[in-house]
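A.B. asks: I need the structure of the sequence given here:
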Amino acid sequence: MFELSICCLEEAASASLTAEAADLDVWRDNEGTPCAYAYSSGDKNWMHLPGLAQFSFDLVTRTITAFAPSSTTRESVMDAYYRTVLPMALQASGHEVLHASGVRIGGNAVALRPYLVLASQPSRMR
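C.D. replies: Next comes the predicted model:
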């Protein structure tokens, strides 16, 4: 498992997620608004959840550090850690993570997903 530590963003000037990162991944919500950013730099992986916190995780030391503004509640940081950052860290370290969106039947995994139609793609599912 990973160990989490929470730091105040104002105390950690080195905590940054820059848009110039060559391998920047952007996750968007259903309206297309960016809701998370991620990239790797050296031995660390970074996730930025706008309006909440930045997280770095190190696969070698198995540590995750959250950099959050002092106005962010510990409960919000912990929720983001368990729902978003820890699953990504586990996936990056070689574990399969289903976010409780799957079932095991007869030794096989069945993934469940919501019905979603993107405006730029024709609807093939009914």
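A.B. asks: list the buried residues of the lengthiest strand in the chain.
C.D. replies: Assignment by DSSP state E gives strand 34-41 as the longest strand of the chain. Across strand 34-41, burial judged by 16 or more other Cβ atoms under 10 Å covers 35-40. From N, CA and C alone the C-beta is placed, and that goes for glycine too.
A.B. asks: neighbouring strands - and their directions - for that strand?
C.D. replies: strand 25-28 (antiparallel), strand 44-49 (antiparallel) (DSSP bridges).
A.B. asks: could you dump these into TSV with mean pLDDT added?
C.D. replies: Below are the strands paired with strand 34-41 laid out as TSV (pLDDT from 0 to 100):
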stretch	mean pLDDT
strand 25-28	90
strand 44-49	90
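A.B. asks: which of these sits closest to residue 74?
C.D. replies: strand 44-49 (14.8 Å; Cβ to Cβ).
A.B. asks: before we move on, back to that, from the chain's centre, how far out does the longest strand of the chain sit?
C.D. replies: Relative to its parent chain, strand 34-41 has a centroid offset of 8 Å by Cα atoms, centre = their mean, to the nearest Å.
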